[in-house]
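> Need the 3D shape of this:
(chains A, B and C)
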Amino acid sequence: MSFAERVYNVVSNIKEGKVMTYRQVAEKVGSPKSARAVGNVLSKNRDFKNIPCHRVVRSDGNIGGYVRGQDKKIRLLKREGIMIRGRKVVDNR
DNA sequence: GCTCTGACGATTT
DNA sequence: GAAATCGCCAGAG
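Got it, this is the predicted structure:
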């Protein structure tokens, strides 16, 4: 299992209505400080069906990046029942 | 092995 | 609250 594969696995495990920060994902895959690398992997991936990358946000609650833009990401999250305050996620960690 | 790049993070100004 | 700074890790060239 490469780093990327572990990331995919974790992200695909995020349930609907839930979000995870890049940091948390990084911790889950074994490297607490590799949030950057995590985002890097997600950016390369575009499999929206198997990997809900829109459920991954920044640690400060800010929406990270998204191929379709932050607005699109926010809309998707809202649709799944996640509260958004302006540009930030108000998920219950 | 080194250098760049990037959907990041935390701190400071 | 925004921008600058430094640190951090993995992949690509």
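
> The closest residue to A:Arg46 other than its chain neighbours in helix, strand or coil?
Of all residues not flanking A:Arg46 in the chain, A:Val67 sits nearest, at 6.6 Å (CB to CB, 6 or more residues apart in numbering). From N, CA and C alone the C-beta is placed, and that goes for glycine too. Under DSSP: H, G, I helix; E, B strand; the rest coil, A:Val67 falls in the coil class.

> My guess is A:Val67 contacts A:Asp47. True?
No - with contacts defined as CB atoms under 8 Å, A:Val67 does not count as touching A:Asp47, sitting 11.5 Å away.

> how about the helices of chain A, start to end?
Under the criterion DSSP state H, chain A carries helices at the ranges A:3-12, A:22-29, A:35-44, A:70-79.

> Up against DNA strand C, what does chain A have?
A:2-4, A:31, A:33-34, A:36-37, A:40-41 (CB under 7 Å from any atom of the strand).
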